[in-house]
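> Sequence isn't available, so here's the structure alone:
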């Protein structure tokens, strides 16, 4: 498949239909927004992980700019907060099992409950106690036991950017061996699904102002810093 070099990273021109297709090898999907683009250009290991897996455009501004650069290619804006519903639809039709790893304990639990009730699918989740990465051996073993017991086909991992990509990459081969076919680095997806955090209206998403909307809804120094970091994307175009 043709690679798209955009803002210093390698993306695949993926449509939603193509992304949902099952392949012999595990698909490691990384929705990439402006903040992640900036982080990856400063963090060699993260950049390497993104470049060799299935990077998708998450965020309207990078998506619009990439479309201007690659007018002849067809690809979709694919964020974790949208993909989770697409994978639930697929799980319902094909009797696949989903596992949600990470996020706040309450958000994880409520997201599992909501998706199970809405889609009538096999879905479990686990939110481990917070630890900085890399995890201790005991902590990591507990996480892996939960996953092996669940035997999911599809996994969403919400440890936050960088931490989730590093953890998935470290365990990619093992997860493939136990039967995982898709694994999605999903950031704060569970908070949106559970209703803990309100997602911005569609028109705000369309004009690329999701980050500013979230800052207005939950103002904080960290949220403001993330907006400033995101503007750094223009340095890499």
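Arrived safely. Just so it is clear, the structure is predicted and the values come from calculations on it, not from any experiment.
> Would you quantify the distance from the closest residue to residue 22 other than its chain neighbours to residue 103?
Nearest residue to residue 22 in three dimensions, chain neighbours excluded: residue 181, at 5.6 Å (Cβ to Cβ, 6 or more residues apart in numbering). Heads up, the C-betas are built off the backbone N, CA and C, glycines and all. Using Cβ to Cβ, to the nearest Å, residue 181 is found at 21 Å from residue 103.
> Tell me which of those two has more neighbours.
residue 103 (29 against 17; other Cβ atoms under 10 Å).
> Would you confirm that that one contacts residue 158?
Yes. Counting by Cβ atoms under 8 Å, residue 103 touches residue 158, with 4.2 Å between them.
> mind listing what the spatially most central residue of the chain touches?
The residue lying closest to the centre of the chain (Cα atoms, centre = their mean) is residue 186, at 2.6 Å. Contacts for residue 186 (Cβ atoms under 8 Å, 6 or more residues apart in numbering) come out as 31, 80-81, 83-84, 102, 156-158, 164.
> Now rank the residues you listed by neighbours and give me the top one.
Neighbour counts for those peak at residue 156, which has 30 neighbours (criterion: other Cβ under 10 Å).
> who's that one bridged to?
In this entry, residue 156 is beta-bridged to residue 100, residue 184, by DSSP bridges.
> can you check residue 28 too?
According to DSSP bridges, beta-bridge pairing links residue 28 with residue 183.
> What pLDDT is listed against it?
With respect to pLDDT, residue 28 scores 98.
> Please look at it and residue 54 and confirm they touch.
Yes. Residue 28 is within contact range of residue 54, at 6.2 Å (criterion: Cβ under 8 Å).
> okay, those two: which has more neighbours?
Of the pair residue 28 and residue 54, residue 28 is the one with more neighbours under other Cβ under 10 Å, namely 24 against 20.
> ok, that one - contacts?
Residue 28 touches 53-54, 168-169, 172, 183, 185, counting by Cβ under 8 Å, 6+ apart.
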